[in-house]
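Colleague: take this sequence and fold it.
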Amino acid sequence: MAHVILESELNALTRQINLRLAEDEDVAARLPLDPPAKLFEEVTDGLLLSKLIAVVKPDAINTSVLHRPPMRTQYQAVENQNLCIDAARKMGCVITNIGALDIMRNQENHTEHLVLGLLWQIVKFALMSRLTIHLHPELIRLVGPGEDLARFLQLPPEDVLLRWVNYHIERAGLSRKMTNFGSDVMDSTIYATLLHALDPSQCAAPETILAVQNLTTRAEKVLAGAAALGCLEYVTPPDVVAGNSKLNLAFIANLFNKHPGIQLPSEEELRMLTQSGAQLRTSLLSAQGSVAALQSDLARVASQNTDLARKLSDAEQEKTGLLSSRSTLEASLAAAQKENRELHDLLFQTGSQSKQEVSDLTARLAAVTSELEAAKQSTATAAEEHQQNVQQLNAAIATLKDQLANTRLQTARSIDVLTGETAQLTHKLEETEARLAAATSRERDYEAEIARLKARIAELEESLARVTAERDAALRDLASLREANERGSSAYKELKTRHHDAEAALVAARLDIAEKSNALAAAKKSIEEKEWALFSAERDRDDTQAQLAKLAAKLKEQTAEYEKRFDDLTAAMRDLETKRGEWETKATRAEGRAGALEVKCATQLTMIDHLSGQKYRSDTFITHLKRLSSSYSNPKKLTAALYDDTSADRFERLAGLDAPSVMGVVRAVVERKEAKPFKGILKDNFLFLYKPDKAGEPQEVFRVDDCTIVSINTADQFCLDLTLIHPAPHTLRLEFADPAHLAAWEKMLQAAADWWTDNKSNRDPMSRGIVRSPTNPF
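Modeller: Reported below is the predicted structural model:
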């Protein structure tokens, strides 16, 4: 499969390599990559891509272990490639089917598309890695109304970019929404609106651009505005019109990194966020209290239910024993009272009898009393036996439960066995039906063959009849020829030859008929065999269906019996289980609400703390810079304290890697002295002047914040007169070769002069970044 490599993508990516590695001493000699296809030759030793990864993400690869040219063996290049691929994987690049040899021999193996895909992922990481709310807190303004901040933080960078574009174009009054990086930007409407919203002074109004009907010309006007913002990278007008999603994504990400155009949250917004966090914290504490109360109530109710159930069981057992003992004692007492009355009556009637009879009656009374005591003991024994019977009954119930469980297990096993047998029988039935269908199909084929053979036999019979007729005609002709032999022997021979041919055709036809008859007999025999196989298959299917019906009926009966027994045993416990389930559901819901509130509160508090810390660090840093600036009377010493290294090499290297800078050769007149050529670098609120042919420490350093700038733009003179007030009032004149460079320097010097003015400067005072304009060759 051939892979298409777009020349526009190759050009854009090689430009990034040329820009980012121009100062690298190990690969600078190979650059620039011109023509861009030279890239596929230069990546074979693994050094170029490894160096690019080290620039984009320094902690991803250890450059000290890379092999430099000249490579003594091919294995050193393989080691470089493996280090490069591992580092790309650490960065999060998708490394699929990419090995060291795919990059080393990309032209030989036709894997140039893999090299370009890996390079695109590295450049994309460099563009998208700064698209986070920690580096850009102002992205909080893109959170939608009612949207959870935690969900916003999980959005992929591509979605955040789309929200950023839609935020600006919506504020600019455009009703369209951007949903992709391809077809949505092909007509340049969104680009024109976005660029004008970011900087109306540099970019033309959308109405002016959209008045052009030709899409390519319209894209050229849009990219002219991007060039004015210093963001003319990655895309060309044909790329915009073609809707190249990769290059458009890179263009928008680069535009965001340089001109986000969103202000940080104000003090009022921070205060509102703090109040919201406090309210969420209060709600969370209240919800936690409610959960704790519900859990306590649930535990108390469960304990009460357990105690009541135990007490109820004990009371019922005690009631049963007491009732039984009461019945026994009442019966014994009634018998004793009756006998006592009989004894008293007898004693009264026989009062005149002898003392011996009285003593006998007394002994009898004592015996009755002992029998009463024995009855009481037997009652107690009966109660104990009742308790034992209750315990035995409970044991029997437990045994029945175990038996029920075993029965369920056996039922499940039986069901599994029956299911397996059913599946086997079903499979067998399906196989039988398949064989039956195949036999039916073959039967139809045989019938068609028989019909074809019958037609062939009919044709042969017609041919035989025709040959026979020809033979009869020949015989008749022969008779005529014999009668007319005198007509010539030549005619006789011809007729005889025709006769022999006819007889040969007749013999061949008879043989063919015999063969077809044998084939017909064999076909009939095969059909009979297939009909018998079909009859056997239908009989097997009927038997199988009968067995399935019996098994299904048996399974249904056993299932009904087991379900009835299970329902009888579980009916008594449903009420308590239902009540406990309701309480557990309430507790689970309360815990879920509390968890959600806790996560939301924690996210809000983390964001508030981060924004507060960011603002405090920014204010503290600005105060520290002002104090530090006022404590140095020499700008050179001040810049040495601020930047540590003020060499031109370092500033130019930073300009090539991170952000733009004002660089170029100018003529400077210091305190009305003779004009001299210098290489000028404007960094923050400092102007550094270096010797043009050297890249060491600066010759002069000037503080340009709060300075006054006067522009002189005449036919033969292009100058800027600066009146500096720090650390003491003095003047400086900068002379330029043409008015374009004069305008660029004037704009950047004005921004540096307003460095400490918060309401004019759009740059973060903590950035200490560098801004680039076209080099000014003098």
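
Colleague: okay, CA-based contacts and neighbour counts for the rest of this
Modeller: OK.

Colleague: quick one, strands of the protein?
Modeller: Remark: strands assigned in the chain by DSSP state E are 662-670, 676-683, 686-690, 700-703, 708-713, 718-724, 730-735.

Colleague: dump the ones you listed to JSON lines, plus mean neighbour count and mean pLDDT.
Modeller: Below are the strands of the chain laid out as JSON lines (neighbours: other C-alpha atoms under 10 Å; pLDDT from 0 to 100):
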{"stretch": "strand 662-670", "mean neighbour count": "21", "mean pLDDT": "66"}
{"stretch": "strand 676-683", "mean neighbour count": "21", "mean pLDDT": "84"}
{"stretch": "strand 686-690", "mean neighbour count": "22", "mean pLDDT": "87"}
{"stretch": "strand 700-703", "mean neighbour count": "20", "mean pLDDT": "88"}
{"stretch": "strand 708-713", "mean neighbour count": "15", "mean pLDDT": "86"}
{"stretch": "strand 718-724", "mean neighbour count": "19", "mean pLDDT": "87"}
{"stretch": "strand 730-735", "mean neighbour count": "19", "mean pLDDT": "86"}
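
Colleague: need these in CSV with distance to M178, can you?
Modeller: Formatted as CSV, the strands of the chain follow (distance: least, C-alpha to C-alpha, whole Å):
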stretch, distance to M178
strand 662-670, 34
strand 676-683, 36
strand 686-690, 41
strand 700-703, 44
strand 708-713, 42
strand 718-724, 44
strand 730-735, 46
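
Colleague: so which of those gets nearest P635?
Modeller: Minimum separation from P635 across these (C-alpha to C-alpha) falls at strand 700-703, 5.8 Å.

Colleague: ok, and what's touching the closest one?
Modeller: 635-636, 685-690, 724, 726-727 (C-alpha atoms under 8 Å, 6 or more residues apart in numbering).

Colleague: can you list the strands that it pairs with?
Modeller: strand 686-690 (antiparallel) (DSSP bridges).

Colleague: out of the contacts of strand 700-703, flag the one nearest to L66.
Modeller: Checking those against L66 with C-alpha to C-alpha, the nearest one is Y690 at 34.6 Å.

Colleague: distance of the closest one from S303?
Modeller: For Y690, the distance to S303 equals 87 Å [C-alpha to C-alpha, to the nearest Å].

Colleague: need the pLDDT of P727.
Modeller: pLDDT, P727: 78.

Colleague: picking that back up, what's the closest of the strands of the chain to L47?
Modeller: Closest among the strands of the chain, using C-alpha to C-alpha: strand 662-670, at 29.9 Å.

Colleague: any idea how far S633 is from T723?
Modeller: For S633 relative to T723 (C-alpha to C-alpha), the value is 17 Å.

Colleague: nope, L162 is what I was after
Modeller: 45 Å.

Colleague: now the helices for the stretch 551-700 of the chain?
Modeller: Listed in chain order, the helices of the stretch 551-700 of the chain (DSSP state H, counting those that start in this stretch) span 574-631, 635-643, 648-657.

Colleague: now the first one: average pLDDT?
Modeller: Per-residue pLDDT over helix 574-631 has a mean of 68.

Colleague: please name the nearest non-neighbouring residue to E9.
Modeller: L247 (6.9 Å; C-alpha to C-alpha, 6 or more residues apart in numbering).

Colleague: might you report the residue contacts of the one you found?
Modeller: 9, 12, 234-235, 239.

Colleague: reformat these as TSV; add distance to A522.
Modeller: Shown next, in TSV, are the contacts of L247 (distance: C-alpha to C-alpha, whole Å):
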residue	distance to A522
E9	74
A12	79
Y234	80
V235	80
D239	76
